[in-house]
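1. fold the stuff below for me.
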Amino acid sequence: MKFEQVTGASIAQLWTTVEPHVKRATSLEEAAQVLATALYTHFAESAILARVYVTVPFAALPPPTQAFVQALPGAAAALTGTTPVLSLVGTQGQKVDWNDRRKSKQHAAIPLLSAEFVDGIPMIARLLRELGVPLDWMDSHDARRLVSTIGSTVGLFYVEDAVRAMDDRGRKVIPAVDFVFAYDVKSVFGTGGAYAGGQMLVVVFCRDPVARVMAQMFLFLVDLFKGKTGSLVAAAQVFASP
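-> The predicted structure follows:
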């Protein structure tokens, strides 16, 4: 199925398939992998890669992910135990290595060190802004402020043209030019919202142009997923294993 063919009924059908597995999940990672796999396989004619991220305090990351973050340029000196890290918890795509978060070479985790640091990453900066996350939240690490600012709703990140889209500083919104051209990425969309302890994001890279109205259809799906997995996040059951 293509994203341009999505309807409310097809979203409901997809959730019917996903929900039983999500309810049985013992970690957010397990549930997120179910969602990423379902998005990729259900929309196999359009999807290149589907990924699920959640913000986790640095101290709560598995040791291999902590090591990955510490090795990033400029990160080690600024990290604290409470630094929110946008962490990959679910991934499914057309390459085998895209189907296991532990095999991610570049995007396993993104530390949200400060508003200035995040503003230097065009895609993440725009994604967070469009989802209603104030960049200065990164300086306070105040999860309560995040929830009060964006509430319990989900928002939409949308890039109609992955090749040409620029931010207000003239930078490519999707800076991974090699990836965009190698896999013929046309559109990118994402949606997410706030758990009690942070932010959840679902991002999909598409080989077909996707209209905003079609991308908006997925707001409901992610809202349902967030509602069913909040208890896992509250219990700090985020990762299935290191």
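2. in the protein, where is pLDDT below threshold?
-> Within the chain, the ranges that satisfy pLDDT under 70 run 134-154, 197.
3. kindly recompute the last result at 50.
-> For the chain, the stretches with pLDDT under 50 are 146-152.
4. all helices for it, in order.
-> Taking DSSP state H as the test, the helices found in the chain are 8-24, 28-42, 63-70, 115-119, 122-130, 137-140, 143-150, 177-182, 212-215, 218-234.
5. so of those helices, which one's packed in deepest?
-> Counting by mean count of other C-beta atoms under 10 Å, helix 28-42 has the highest mean neighbour count of these, with a mean of 23. C-betas here are computed from N, CA, C, even on glycine.
6. tell me which of the helices of the chain sits nearest to residue 201.
-> helix 122-130 (6.9 Å; C-beta to C-beta).
7. which neighbouring elements make contact with that closest one?
-> Helices and strands touching helix 122-130, by 3 or more C-beta pairs under 8 Å, 6 or more residues apart in numbering; DSSP states H and E, are helix 115-119, strand 154-159, strand 198-206.
8. picking up where we left off before, now tabulate the helices of the chain in CSV and tack on distance to residue 85.
-> Converted to CSV, these look like this (distance: least, C-beta to C-beta, whole Å):
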stretch, distance to residue 85
helix 8-24, 23
helix 28-42, 14
helix 63-70, 6
helix 115-119, 12
helix 122-130, 12
helix 137-140, 11
helix 143-150, 13
helix 177-182, 22
helix 212-215, 26
helix 218-234, 14
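9. and the helices and strands packed on helix 122-130, which is most packed in?
-> Of the helices and strands packed on helix 122-130, strand 198-206 is the most buried (mean count of other C-beta under 10 Å), at a mean of 24.
10. among the helices of the chain, which is nearest residue 86?
-> Ranking the helices of the chain by proximity to residue 86 (C-beta to C-beta) places helix 122-130 first, at 7.0 Å.
11. what angle do the closest one and strand 154-159 make?
-> 140 degrees (axes from the mean of the first three to the mean of the last three C-alpha atoms, to 10 degrees).
12. what angle do helix 122-130 and strand 198-206 make?
-> Computed by the same axes, to 10 degrees, the angle separating helix 122-130 from strand 198-206 equals 120 degrees.
13. picking up where we left off before, columns distance to residue 226 on top of the helices and strands packed on helix 122-130, output as TSV?
-> Formatted as TSV, these follow (distance: least, C-beta to C-beta, whole Å):
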stretch	distance to residue 226
helix 115-119	22
strand 154-159	7
strand 198-206	6
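14. wait, which of the ones you listed is closest to residue 17?
-> strand 198-206 (16.1 Å).
15. next up, the contacts around residue 1.
-> Applying C-beta atoms under 8 Å, 6 or more residues apart in numbering to residue 1 gives the contacts 10, 42-46.
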